[in-house]
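A.B. asks: can you look at this prediction? I've put the sequence above it.
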Amino acid sequence: MGKKGQAPPPATIPAQAADPDAPPPPEPVPPVSVLYCAVCTYPPEYCEFGASLTKCKDWLKEEHPTLFDKYYSEEALQTKLGTLSLEAQQKLEKDVAKKEVKAEAKADAALKKKMASQITIKRIERNKRKHITSVFGLEAFGIDLKKAAKQFASKFATGASVTKNAQGLEEIVVSGDVSDEILEMIEGEVGVLKGIPTDNVELVEEKKKKGGD
Ligand SMILES: [Zn+2]
């Protein structure tokens, strides 16, 4: 402990350079400014713990090429992997791959859900000569129900409107028995009826209950 007023000791003695056998000092790590990955929201150095490393890397390379080099250059990877056992390296790679597969599966699930959505074209008998046709489920394929109803109305020169069914869900109701024609329009991707897999379309018939007349 120095006394007040005493001159500080000369700062000319380097701590380690004097000993050639001493390990090199750790490289100074510059403080990371507040930067978060736009893909996974972790700071970029933690992207590997997220589920989207491949996308994260693309983003970083695009937005912050210097950081990208810092974390993912051959040299950086070698340094990092060098500290891990071969087993640990393989596990790390496997984990990253697994997480990415999971994330992709999640994105796929949303698409699959849409593709699994069923469209029902129902022919409904009102009385012996009169039918109506209801079309349910088009909105799952991004189709504007009002536009579709308008299209049916002009195509069949009949009434068509969007109404709520008994379950409170919207469907299109068209006057007349036009179920086969509507199926054909979906198959032919006519007008707004684009992108619906025909396998998802079901034709059903609702007969009037006996004795109802
Ligand atoms: Zn990220």
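C.D. replies: Structure's in. What do you need?
A.B. asks: and whichever helix in the chain runs longest, which residues are buried?
C.D. replies: Ranked by residue count and defined by DSSP state H, the top helix of the chain is helix 86-116. For helix 86-116, the neighbour count (16 or more other C-beta atoms under 10 Å) marks Val96, Lys99, Glu100, Ala103 as buried. Every C-beta, even on glycine, is put in place using the N, C-alpha and C of the backbone.
A.B. asks: isn't the third one right up against Ser52?
C.D. replies: I take that to be Glu100. Yes: with contacts counted by C-beta atoms under 8 Å, Glu100 reaches Ser52, the gap being 6.8 Å.
A.B. asks: who does the closest residue to Leu169 other than its chain neighbours bridge with?
C.D. replies: Residue nearest to Leu169 in three dimensions, not counting chain neighbours: Phe136, with 7.1 Å by C-beta to C-beta, 6 or more residues apart in numbering. Using DSSP bridges, the bridge partners assigned to Phe136 are Thr120, Glu171.
A.B. asks: tell me which residues touch Phe136, please.
C.D. replies: Ile119, Thr120, Ile121, Lys122, Asn165, Leu169, Glu171, Ile172 (C-beta atoms under 8 Å, 6 or more residues apart in numbering).
A.B. asks: filter the residues you listed down to the ones close to the ion.
C.D. replies: The subset of the contacts of Phe136 lying close to the ion, counting by C-beta under 5 Å from the ion, is empty.
A.B. asks: show me where the chain has its strands.
C.D. replies: Listed in chain order, the strands of the chain (DSSP state E) span 119-125, 131-136, 160-164, 170-175, 201-206.
A.B. asks: neighbours of Phe152, how many?
C.D. replies: Using other C-beta atoms under 10 Å, Phe152 has 26 neighbouring residues.
A.B. asks: can you report how many residues lie near the nearest residue to it once chain neighbours are set aside?
C.D. replies: Take Phe152 and drop its neighbours on the chain: the residue closest to it by C-beta to C-beta, 6+ apart is Ala160, 4.1 Å away. Here the number of neighbours of Ala160 (other C-beta under 10 Å) works out to 23.
A.B. asks: is it true that Ala160 touches Gly176?
C.D. replies: No: using C-beta under 8 Å, Ala160 is not in contact with Gly176; the gap is 9.4 Å.
A.B. asks: state the distance from the residue nearest to Phe152 to the ion.
C.D. replies: Ala160 sits 49 Å away from the ion, going by C-beta to the ion, to the nearest Å.
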